[in-house]
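1. Can you look at this prediction? I've put the sequence above it.
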Amino acid sequence: MRLPPMLLVTLREDPAEAEIPSHKLLLRAGYIRRIASGVYAYLPLMWRVLQKVSQIVREEMNAAGAQECLLPQLQPAELWQESGRWETYTKAEGIMFALIDRQQREMGLGPTHEEVITAIARDMIRSYRQLPVNLYQIQTKFRDEIRPRFGLMRGREFIMKDAYSFDADEAGMKLTYQKMNQAYHNILRRSGLKFRAVDADSGAIGGSGSQEFMVLAEAGEDEILYTADGKYAANVEKAVSLPADAVPSPFTTAEKRETPGTDTIEKMCKFLQCSPTCVVKNVLYQAVYDNGMMVLVLVSIRGDQDVNEVKLQNELVKLAADYRATTVIALTVPDAAAQEKWAAKPLPLGYMAPDLADSYIKPPKPAPVEVKAAGGVVPKFLRLVDQTAVALQNFATGSDEAGYHVVGANWGQEFKLPDRVVDVRKATVGDRALHDASQTLQTARGIEIGHIFQLGTKYSQALGATYTNEQGEDRPLVMGCYGVGVSRLAQSAVEQAHDKDGIIWPVSIAPYHAIVVVPNVADAEQMQAAAQLYTELNQAGVETLLDDRNERAGVKFKDADLIGIPYRIVTGKSLKDGKVEVVNRATREMQELPLVYVVPTLQEWIAAAIAV
Ligand code: ATP
Ligand code: MG
């Protein structure tokens, strides 16, 4: 492609709307344009990158035995009602764009495709002889994200490859999962990314496991915990570890002590001269279930530990049936305004005890039947105790009175141990690893590029997708699902590889391999050599741009650096000796090559760079 007619508009200044390097660079280099919040146009250079990523994904999916298809983005509400996800996806913090068509039918734009694919499997898969089946598509997804940001990293319209597998049993599904796991490793390696596969939260769906593929970068929204021996890596949401040993309690008798101005663990421990490992801290959450029911949750945990809200949410989902609900739609620490809505009197914040009285919650008002059905506040705290707090003896904790704590307390004596013992503690950097206590957890930031998931039968059961086994019995299909953020992957490559001058694309996903720059377009010899190289390179499969714009050489070099084409070929001074300069964008190495060597040398370099 020549510049022009290729549309290339670069900016010298950082656009104000962008915060992280990759977002700034993609805007500055003319790869993307923002059209609305979280909605971007992929301009010609970007589209080529996305096509390259898609092609790598496609090759690896095909090699893993998956078949490509294309599912509708416009989906009827009924399918989502069958799976029970319509309400959670369209109400409150739901991320599904929903609309009403001219026939007054509710529809949604696909944020994901479990419902559609399971409905297809229900209709088309009848017998074990058809299994396994694995289908994938590469397509635009729509999600009304609460905080769209960082350009393509978290868009409201983005490109995803999603695959869904159907097997006869758990063992078959695990085999498919392994193949997809390998395919995902291949995709990230071939895209030239530094990454780590980590254990991930599977939510409350259960299933036997899931892994996320994290591209390592400071700007990543996820925290990864891992051990140096390479044997453990997990998303912090899922990570497990050994907590530090508790220090023996200095308290010997149970008593209430005046502890003025100690409404944090730190202040309290300083005042009482004890370790936070001798403290039971009580943290209040407010959970809203999908039927509108609000539950106030009091979590008792050891003072030096924090609550992992993902683990807590999973515990609360397990209890959904107790509240005649199916899932939790919001989990927050109630602020003053939220407390006002349900608290009968001001809470003893900073001094709450594990037995905080239920009378702090306003009694339910006698309400008309229809209001009751829509939910309300459960007038009792749901009390949970984390494992770390269960073993404590002679501990210090709140007294339910501001300015006072209880010390030397024990479960079963001063306080009743909450019925429900849970593991909701957050693993943190420095913790000892479970598999080997001599290994400590280290931390890194990552961008989630892919997520593979052993789904099991959640959707096949909900939608009645069954097959007949060899014995003639009806069985639910056992599913897996596998997503890659194609557009997010492309931007992550920029986040990982750039310098002050611009993007440094991995060769395998660069929009073009090479760019021929003519420093002086008035020089006929330069123009002739450049045109010939451009033609020969493209004919030889080296995807090449030609920059023969009537601009200063410096401007053209700057643009070439900014857009990040791996090899720059300059028809400059050495042309009189029959040579051109070839510059490697990543290393900045410059080499003079005789004209006849340019094509074979570039072919060789590119083949070597892509064959990883
Ligand atoms: P996240 O935790 O980042 O919100 P997710 O868990 O909702 O992602 P999945 O439903 O597993 O994501 O989607 C599969 C992949 O799609 C993700 O691994 C990610 O790469 C990509 N993806 C998800 N949401 C977005 C988005 N809003 N913009 C761009 N890519 C996205
Ligand atoms: Mg995910």
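-> That came through, no problem. From a predicted model like this one, the values you see are computed outputs, not experimental measurements. Ligands and ions are numbered 1, 2, ... in the order given.

2. Now do the SS call for residue 352.
-> The three-state label given to residue 352 by DSSP: H, G, I helix; E, B strand; the rest coil is coil.

3. isn't it right next to residue 298, touching?
-> Yes. With contact defined as CB atoms under 8 Å, residue 352 counts as touching residue 298 (7.3 Å). (Each C-beta comes from the backbone N, C-alpha and C, glycine too.)

4. intersection of neighbour lists for those two?
-> Each of 282, 284 lies in contact with both residue 352 and residue 298 under the rule CB atoms under 8 Å, 6 or more residues apart in numbering.

5. Compute the first-to-last residue distance for stretch 298-312.
-> 11 Å (CA to CA, to the nearest Å).

6. centre of the chain versus it, how much separation?
-> 22 Å (CA atoms, centre = their mean, to the nearest Å).

7. near ligand 1, which residues of this protein show up?
-> 112, 143, 145, 154-155, 158, 160, 448-451, 483, 485, 487-488 (CB under 6 Å from any ligand atom).

8. From those residues, which land in strands?
-> If you go by DSSP state E, these have 158, 160, 448-451, 483, 485 in strands.

9. can you put these in TSV and add pLDDT and neighbour count?
-> TSV is the format used below for those (pLDDT from 0 to 100; neighbours: other CB atoms under 10 Å):
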residue	pLDDT	neighbour count
158	98	22
160	98	23
448	97	21
449	98	25
450	97	28
451	96	20
483	97	23
485	98	27
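
10. what about residue 555, distance to residue 563?
-> Separation of residue 555 from residue 563 (CB to CB, to the nearest Å) stands at 13 Å.

11. These two: which has the busier surroundings?
-> Taking other CB atoms under 10 Å, residue 555 and residue 563 do not tie; residue 563 has more neighbours (25 against 13).

12. Which residue does the stretch 451-600 of the chain have closest to ligand 1?
-> Here the stretch 451-600 of the chain gets closest to ligand 1 at one residue, residue 485, 2.3 Å apart by CB to the nearest ligand atom.

13. So what sits opposite that residue in the bridge?
-> residue 160 (DSSP bridges).

14. pLDDT below threshold where in the protein?
-> The chain contains residues with pLDDT under 70 at 204-208, 367-375.

15. Can you pick out the most distant pair from the residues of the chain next to ligand 1?
-> For the residues of the chain next to ligand 1, with distances taken as CB to CB, the pair at the greatest spread is 145 and 450 (18.1 Å).

16. Hmm, residue 547 is touching residue 6, no?
-> No. Using CB under 8 Å as the test, residue 547 is too far from residue 6 to be in contact (9.4 Å).

17. Which one's more surrounded, the two?
-> Using other CB under 10 Å as the criterion, residue 547 and residue 6 rank with residue 547 on top: 28 against 15.

18. From residue 329, how far off is the more buried one?
-> Counting by CB to CB, the separation of residue 547 from residue 329 is 53 Å.

19. tell me the contacts of residue 277?
-> Under the criterion of CB under 8 Å, 6+ apart, the contact partners of residue 277 comprise 244-247, 302-304.

20. for it, phi and psi?
-> For residue 277, the backbone dihedrals are phi -70, psi -10 (criterion: degrees, to the nearest 10).

21. And the strands in the stretch 51-200 of the chain?
-> With DSSP state E, counting those that start in this stretch as the criterion, the stretch 51-200 of the chain has strands at 67-68, 74-76, 98-100, 106-109, 133-142, 157-167, 195-199.

22. Just name the most buried of these.
-> Of all those, strand 157-167 has the most neighbours on average by mean count of other CB atoms under 10 Å, namely a mean of 24.

23. helices or strands up against that strand?
-> Contacts defined by 3 or more CB pairs under 8 Å, 6 or more residues apart in numbering; DSSP states H and E place strand 157-167 against helix 44-63, helix 114-124, strand 133-142, helix 170-190, strand 478-485, helix 486-496.

24. can you give me the helices in the stretch 201-350 of the chain?
-> Ranges of helices in the stretch 201-350 of the chain, per DSSP state H, counting those that start in this stretch, are 265-272, 309-318, 336-342.

25. mind checking how far the first one is from the chain centre?
-> To tie it back to what came earlier, the one meant is helix 265-272. Relative to its parent chain, helix 265-272 has a centroid offset of 37 Å by CA atoms, centre = their mean.

26. any idea how the protein splits into domains?
-> The chain resolves into domains spanning 11-68+111-240+443-495, 255-422, 512-610 when parsed by automatic domain parsing.

27. Can you check the distance spanned by the last one, start to finish?
-> Using CA to CA, one end of domain 512-610 lies 13 Å from the other.

28. Stretch 48-66: which residues count as buried?
-> Neighbour-count burial for stretch 48-66, counted by 16 or more other CB atoms under 10 Å, picks out 48-50, 52-54, 56-58, 60-61, 64, 66.
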